[in-house]
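Colleague: Fold the stuff below for me.
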Amino acid sequence: MRWLKFTANQTSSWGIVEGDRVIAVDGDPFGEWQRTPRTHALAEVKIELPVIPRTFYCVGLNYLKHLKEAANKRGEVPNVPDRPEVGYRAQNALIAHDENVIIPANATEQIHYEGELVVVIGKKAKHLTEANAMDCVFGYTIGNDVSERSWQKADRGLWRSKNADTFKPMGPWIETSADLDKMETIVRLNGKESNRFHTNDMLFGVKAFIVEMTKYFTLWPGDVIWMGTDGASPNIKAGDVVEIEITGIGTLRNKFVAEK
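Modeller: Below is the predicted model of the structure:
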């Protein structure tokens, strides 16, 4: 099932995408809900963020190729993680499908983008095991991890390089029936493919992260986990459009514009 948060006729609600139509739903997918007779053409609705997470988790250096390329750029030997580790991002950075990423006026040309699988948690979970870790997963969506690399190098933390307003596009919807093993991530810049990789070729998969995370804290419905990326991206500029497609989910598209 494909769950969409959308606005039509100045009213926002949840809906189910079926073909090129959206069927409005009373309630929400994390609780009780029922279909309504209200339907809209998908092309005519405003797609909103699929979820605003209570906690926004992220994974870094979770693909070997990406890890090696990052180390090579620094002139270092790759330090391959031996266990899952997780970080955090800020809600203010989130924007929806087809909304603009704003390049700050004082940013350098080192603006990069990364296509990521996003795991959406569907129910409260703590102390999960490999046998039941996936039970808390509601579905998957797509993220574009935008970074200002000069700030990332200059600062002691990632407070602005990863978390500036609009730096975390996510969407367009939540797919509940996607198959991790069949997923491929394809990234396009201005319509031309810039990166492609098997989405599930992670150093540590979704299950491993959920097991490790729930040893220490509770996951809640609507929490998201961004699972990292493979490969590298070139510098981008105002006017560029990035599309991230993940097999079985869909395509997230956002334009980059200069701050006015």
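
Colleague: Can you show me the helices along the protein?
Modeller: Using DSSP state H, the helices of the chain run over residues 64-74, 149-154, 206-213.

Colleague: Val137: which of those is closest?
Modeller: helix 206-213 (6.9 Å; C-beta to C-beta). All C-beta atoms are positioned from the backbone trio N, CA, C, and that covers glycine.

Colleague: So for that closest one, what gets flagged as buried?
Modeller: 206-213 (16 or more other C-beta atoms under 10 Å).

Colleague: Go through these and name the one nearest Leu252.
Modeller: The closest of these to Leu252 turns out to be Val206 (C-beta to C-beta; 18.6 Å).

Colleague: OK, contacts around the closest one?
Modeller: The neighbours of Val206, taking C-beta atoms under 8 Å, 6 or more residues apart in numbering as the test, are 119, 133-134, 137, 180, 225, 227.

Colleague: how about JSON lines for those, with distance to Arg188 added?
Modeller: Shown next, in JSON lines, are the contacts of Val206 (distance: C-beta to C-beta, whole Å):
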{"residue": "Val119", "distance to Arg188": "23"}
{"residue": "Ala133", "distance to Arg188": "32"}
{"residue": "Met134", "distance to Arg188": "30"}
{"residue": "Val137", "distance to Arg188": "27"}
{"residue": "Leu180", "distance to Arg188": "22"}
{"residue": "Ile225", "distance to Arg188": "24"}
{"residue": "Met227", "distance to Arg188": "20"}
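
Colleague: tell me which helix or strand of the protein sits lowest on mean pLDDT?
Modeller: When the helices and strands of the chain are scored by mean pLDDT, DSSP states H and E, helix 64-74 comes last with a mean of 77.

Colleague: what pairs with the residue most central in space within the chain across the strands?
Modeller: The centre of the chain sits closest to Gly143, judged by C-alpha atoms, centre = their mean, with a distance of 2.2 Å. Note on Gly143: beta-bridge partners by DSSP bridges are Glu116, Met170.

Colleague: List the contacts of it.
Modeller: Counting by C-beta under 8 Å, 6+ apart, Gly143 touches 115-118, 168-170, 224, 226, 244, 252.

Colleague: Same list, those residues, but as a markdown table with neighbour count and pLDDT please.
Modeller: Formatted as a markdown table, the contacts of Gly143 follow (neighbours: other C-beta atoms under 10 Å; pLDDT from 0 to 100):
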| residue | neighbour count | pLDDT |
| --- | --- | --- |
| Gly115 | 27 | 97 |
| Glu116 | 27 | 98 |
| Leu117 | 26 | 98 |
| Val118 | 28 | 98 |
| Lys168 | 27 | 98 |
| Pro169 | 27 | 98 |
| Met170 | 27 | 99 |
| Val224 | 27 | 98 |
| Trp226 | 26 | 98 |
| Ile244 | 27 | 98 |
| Leu252 | 27 | 98 |
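
Colleague: I'd like to know which of those residues is nearest to Gly87.
Modeller: Closest approach to Gly87 among the contacts of Gly143 (C-beta to C-beta): Trp226, at 9.3 Å.

Colleague: how near is the closest one to Thr141?
Modeller: Distance of Trp226 to Thr141, given as C-beta to C-beta, to the nearest Å: 10 Å.

Colleague: pretty sure Ala178 is touching Phe138, no?
Modeller: No. Proximity of Ala178 to Phe138 does not meet the contact threshold set by C-beta atoms under 8 Å, at 11.3 Å.

Colleague: Mind listing residues that contact the least confident helix or strand of the chain?
Modeller: 61, 77-80, 197, 201, 203, 228-232.

Colleague: ok, the contacts of Val206 vs Ser150, which is closest?
Modeller: The closest of the contacts of Val206 to Ser150 turns out to be Met227 (C-beta to C-beta; 25.4 Å).

Colleague: count of neighbours near the closest one?
Modeller: Applying other C-beta atoms under 10 Å, we find 24 other residues in the vicinity of Met227.

Colleague: ok, now how distant is it from Ile210?
Modeller: Going from Met227 to Ile210 by C-beta to C-beta gives 11 Å.

Colleague: Between those two, which contacts overlap?
Modeller: Any residue near both Met227 and Ile210 by C-beta under 8 Å, 6+ apart counts here, and that gives Val119.
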